[in-house]
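Asker: Okay, here's the prediction I keep looking at, along with the sequence it came from:
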Amino acid sequence: MRSSWLTAVLFLALPCLADAQTAILQIRVVEGEGAVHAAGSRNALPLTVQVTDETGKPVDHAAVSFHLPDDGPGGTFLNGLRTDVSITDTAGRARVRGLQWNRVPGRLQIRIVASFEQVRAGTVSYQYLEGPALAPGGVPVASRSHSRWLIAAALAAGGAAAGILLAHSGSGTNSPAAGAASVTTPITGPPTIGSPTITVGKP
């Protein structure tokens with residue numbers, strides 16, 4: 001009688017023990033965290049996460065969804081949407097690749113949610129889109145990386161414009177170092193062009 005009672009208790013307890021083994025999911029980004037991308041580019045490197053249980057054992061066949069922001073810096077996945085789903089492999093890893101970034105520079109976060117049976121876990125991955133800052137009106141502001149071709153264009157346009165750009169670009173820094181004196185070249189007036197001389201031969 002006693003053995004039958006113990007058998008019944010174990011029979012009822014075993015499902016609970018099985019559920020306890022997958023009662024907690026852990027998810028972490030193992031590849032691609034904090035990456036910097038050029039605005040408007042397509043991401044060649046994957047964003048990879050790993051899903052484990054509370055003991056650190058990889059969880060196979062967990063569904064992992066990735067969510068990009070609806071506005072601001074962001075983009076779309078290969079499916080053309082802002083959400084994609086990947087299934088973990090035997091190592092508990094799921095990944096997405098080929099993201100098409102938009103042209104809005106700044107920091108963005110990708111929300112990531114892992115689901116297995118009735119258990120869920122979430123995390124975020126921060127990514128950065130690098131591009132020219134926008135002045136009021138949406139006009140790109142030149143950065144140091146653009147100074148060379150700006151000066152070359154000014155040289156082609158005329159020496160006066162080149163001198164103004166060279167005085168503005170200085171040593172190539174965006175701002176003077178702390179405590180350093182700022183030197184500004186005064187411009188006394190707009191550049192002038194002498195009267196043209198036209199010579200007409202005798203008829």
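Answerer: Received, thanks. Residues are numbered from 1 along each chain as shown.
Asker: got the contact list for residue 68?
Answerer: 74, 75, 76, 77, 82, 83, 99, 108, 110 (C-beta atoms under 8 Å, 6 or more residues apart in numbering). Quick note: C-beta positions are derived from backbone N, CA and C, even for glycine.
Asker: Tell me where this structure has strands.
Answerer: Along the chain, counting by DSSP state E, strands occupy 25-31, 36-38, 47-53, 63-67, 75-76, 83-87, 93-96, 100-101, 106-116, 119-130, 134-135, 139-140.
Asker: Which elements pack onto the second one?
Answerer: Translated: strand 36-38. strand 119-130 (3 or more C-beta pairs under 8 Å, 6 or more residues apart in numbering; DSSP states H and E).
Asker: buried ones in the strand it packs on?
Answerer: The neighbour-count check on strand 119-130 (16 or more other C-beta atoms under 10 Å) flags 121, 123, 125, 127, 129 as buried.
Asker: tell me, how many neighbours does residue 77 end up with?
Answerer: Using other C-beta atoms under 10 Å, residue 77 has 20 other residues around it.
Asker: gap between it and residue 86?
Answerer: 10 Å (C-beta to C-beta, to the nearest Å).
Asker: hey, what's in contact with both of the two?
Answerer: Common neighbours of residue 77 and residue 86 (C-beta under 8 Å, 6+ apart) are 66, 96.
Asker: Mark which of the contacts of residue 68 are buried, thanks.
Answerer: Going by neighbour count (16+ other C-beta under 10 Å), these have 74, 75, 76, 77, 99, 108, 110 buried.
Asker: Quick check: beta-bridge partners of the residue lying closest to the third one once chain neighbours are set aside?
Answerer: I take that to be residue 76. Excluding the flanking residues, the one nearest residue 76 by C-beta to C-beta, 6 or more residues apart in numbering is residue 100, at 5.2 Å. Beta-bridge partners recorded for residue 100 (DSSP bridges): residue 42, residue 76.
Asker: Might one say that residue 100 is in contact with residue 74?
Answerer: No. Applying C-beta atoms under 8 Å, one finds residue 100 not in contact with residue 74, separated by 9.9 Å.
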